[in-house]
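Novice: kindly generate the corresponding structure for this input.
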Amino acid sequence: MAKTDTSHKIEEFAEDLGKLLGTARAKAEGWLGQRASIVKQLTQLRDEANTLLRDLGHEAEGVFAVDGGGIEGTWSRQRGRSAPTAEDVGGGSGGDFSGTEKRWAKQKAGEKK
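Specialist: Reported below is the predicted structural model:
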């Protein structure tokens, strides 16, 4: 009787293992399908973006070009002036905001006149 009981337990274990492996395989196939769908969507987005940039042509090159002046050169062309300095946007190195505070105080004093 011991052999029959052991054989029955082994068969139950094999069935449970088969079900578990089947479930894992189904989930893995589902994930691979989702991955393929995401790759397809991202590829379409990339292609559309490339098409739009190509259609913009020379206009996009003028705005996004990095010339010898880097970002400052682009800023100058777009705004007709030089790029803002650290003092213009809030003061020097190391996060010192005293330049901004002084400029704000000067501006406030000018408004009162």
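
Novice: from now on I want contacts and neighbour counts done on CA atoms only, so please keep to that.
Specialist: Noted.

Novice: mean confidence (pLDDT) on the one helix or strand Q107 maps to, please.
Specialist: Using DSSP states H and E, Q107 sits in helix 98-112. Average pLDDT, helix 98-112: 74.

Novice: which helices and strands sit right next to that helix?
Specialist: Contacts defined by 3 or more C-alpha pairs under 8 Å, 6 or more residues apart in numbering; DSSP states H and E place helix 98-112 against helix 86-89.

Novice: can you get me a residue count around R54?
Specialist: Residues lying near R54 (other C-alpha atoms under 10 Å) number 13.

Novice: swap in A26?
Specialist: A26 has 12 nearby residues by other C-alpha under 10 Å.

Novice: got it, and the one 10 residues further on?
Specialist: Each residue near A36 was counted by other C-alpha under 10 Å, and the total is 12.

Novice: just H8 next, same as before
Specialist: 12.

Novice: let the chain start at 726 from now.
Specialist: Taking 726 as the first residue, the last one we looked at is H733.

Novice: please report phi then psi for it.
Specialist: Phi and psi for H733, reported as degrees, to the nearest 10, are phi -60, psi -40.

Novice: against A830, how distant is it?
Specialist: 88 Å (C-alpha to C-alpha, to the nearest Å).

Novice: next one: A751
Specialist: 67 Å.

Novice: remind me which residues of the chain are low pLDDT?
Specialist: The chain contains residues with pLDDT under 70 at 726-728, 783-824, 837-838.

Novice: which stretches of it form helices?
Specialist: Here the chain has its helices, by DSSP state H, at 727-781, 783-789, 795-804, 811-814, 823-837.
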